[in-house]
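Undergrad: Provided below are the primary sequence and the corresponding predicted coordinates.
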Amino acid sequence: MTTIAFIGLGNMGNPMAANLVKAGHDVLGFDLVPENLKTARANGVTVMADAAAAVKGADVVVTMLPAGKHVLSVYEQVNGAAKKGTLFIDSSTIDVDSSRKAHALAAHAGLLALDAPVSGGVGGAAAGTLTFMCGGSAEAFAAATPMLEKMGKKIVHCGEAGAGQAAKICNNMILGVSMIAVCEGFALAEKLGLSYQALFDVASTASGQCWSLTTYCPVPGPVPTSPANNGYKPGFAASLMLKDLMLAQEAARSSGAVTPLGAEAAQLYALFNAQGGAAKDFSGIVEFLRGA
């Protein structure tokens, strides 16, 4: 049985850790939020006093944290506590530069490292159906795959250090842009007197087809499981979409890439967040685009 330290037991981390417990692993967890620790304990996670205590003796360390500075802080704190050869898997969504620094810290300490951000939201974390986008050595990817398979259904090795983060921010920039386009289409349809179902029936089988439409339709009715049918209760909050779009813009600037639609999407989500949309699902931006 593999002993796994899980650092960061929030909305995503807690169900991911719970799935590792269900798979028979001994999971040692730590989070700064007492309520998160209470939930983790109820899920069978052994709660530890701090990150270093969780890492000591662990075979694998999984981090799920808000930003690059938090990941680097944990890596710096626990490197001395981790035994040589321990595998560190970072499933946070952070900037590529910080991810590569984390890999370097791990390598310097004699540890294996993999950046493995996820797609699939809280529902996918609970169901164990996440997609993992992985960056790191072939050795680290092979070592991590058995654990990742307990938490997800698709695991992709995208390349060397930071490649998983690069794939994640590129994917989510596409998602943010496409969601705005779908929302604008439905907002226009409303003005033209076209029903939601009519537009959906056409676009979902024509050239307008995309995930934002067919799986996550931003208006009530056509896709019963979409957040639009539940008051835009978040599966993926608008604040997180803004975070990912800003990471994409940071990467575009540092690499010299031209992403005008990505930049515009970031501005629109910033406005939506500022006007009270941060805690809503990112598809709720349709309300903002209507002028509500």
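TA: Great, that's in hand.
Undergrad: mind listing the helices for the stretch 151-292 of the chain?
TA: 163-192, 196-203, 211-214, 238-255, 260-272, 285-290 (DSSP state H, counting those that start in this stretch).
Undergrad: how does the chain divide into domains?
TA: What automatic domain parsing lists as the domains of the chain is 3-160, 166-290.
Undergrad: Kindly reformat the helices of the stretch 151-292 of the chain as TSV containing mean pLDDT.
TA: Shown next, in TSV, are those (pLDDT from 0 to 100):
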stretch	mean pLDDT
helix 163-192	97
helix 196-203	98
helix 211-214	97
helix 238-255	96
helix 260-272	98
helix 285-290	96
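Undergrad: Name the residue closest to the centre of this protein, please.
TA: residue 118 (4.5 Å; Cα atoms, centre = their mean).
Undergrad: Got phi/psi on that one?
TA: phi -120, psi 160 (degrees, to the nearest 10).
Undergrad: that older thread, now distance to residue 31 too, for the helices of the stretch 151-292 of the chain, in a markdown table please.
TA: From N, CA and C alone the C-beta is placed, and that goes for glycine too. Listed next are the helices of the stretch 151-292 of the chain as a markdown table, based on distance: least, Cβ to Cβ, whole Å:
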| stretch | distance to residue 31 |
| --- | --- |
| helix 163-192 | 22 |
| helix 196-203 | 40 |
| helix 211-214 | 31 |
| helix 238-255 | 18 |
| helix 260-272 | 27 |
| helix 285-290 | 30 |
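Undergrad: Looking at those, spot the one closest to residue 70.
TA: Nearest to residue 70, of all these, is helix 238-255, at 12.7 Å by Cβ to Cβ.
Undergrad: buried sites along that closest one?
TA: For helix 238-255, burial by neighbour count (16 or more other Cβ atoms under 10 Å) applies to 238-249, 251-252.
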